[in-house]
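Undergrad: With the sequence up front, the predicted model follows.
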Amino acid sequence: EVQLVESGGGSVQVGGSLRLSCTASGFIFEDYAIGWFRQAPGKEREAVSCIDERGTRIYNSASARGRFAISTDNAKNTVYLQMNSLRPDDTAVYYCAADPYSCSSPDYWGQGTQVAVSS
């Protein structure tokens, strides 16, 4: 059974930083595309950052570029999202997601972790 468990969300002030973690189980971690999506109140879910199934290409949304960094630790089956220079519009539920083929439409999702950025 595939499981994705996120942690690290919380409340932070504008300009602050958070690091999200997602620990995976139930599949061969390094063979899957894995990444982060988010959904803000009243908005559709959007991709934030993702590493492809070969671990060679990283997608970052325009909003994440230059502020967020995705990384993986294959020994721990964990993917991280380091978020810096946070803004109020980064407030959302952040989801870890994985798929054996691509980042575009993941099959497996975590339960989400809330990030709130206040000014």
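TA: Here it is on my side, so go on.
Undergrad: contacts for the helix or strand of the chain with the lowest mean pLDDT?
TA: Ranking every helix and strand in the chain by mean pLDDT, DSSP states H and E puts strand 58-60 at the bottom, with a mean of 91. Contact partners of strand 58-60, identified using CB atoms under 8 Å, 6 or more residues apart in numbering, comprise 35, 47-52, 68, 70, 103. C-beta coordinates here come from the backbone N, C-alpha and C atoms, glycine included.
Undergrad: Give me the below-cutoff pLDDT ranges for this protein.
TA: Within the chain, no stretch has pLDDT under 70.
Undergrad: partner residues bridging the most centrally placed residue in the chain?
TA: Central residue of the chain (CA atoms, centre = their mean): residue 36, 2.2 Å from the mean position. Beta bridges link residue 36 to residue 49, residue 96, judged by DSSP bridges.
Undergrad: Now do the contacts for it.
TA: Residue 36 is in contact with 20, 22, 47-50, 70, 79, 81, 94-97, counting by CB under 8 Å, 6+ apart.
Undergrad: Closest one of these to residue 56?
TA: residue 50 (12.2 Å; CB to CB).
Undergrad: Enumerate every residue touching that closest one.
TA: Applying CB under 8 Å, 6+ apart to residue 50 gives the contacts 33-36, 58-59, 70, 97, 103.
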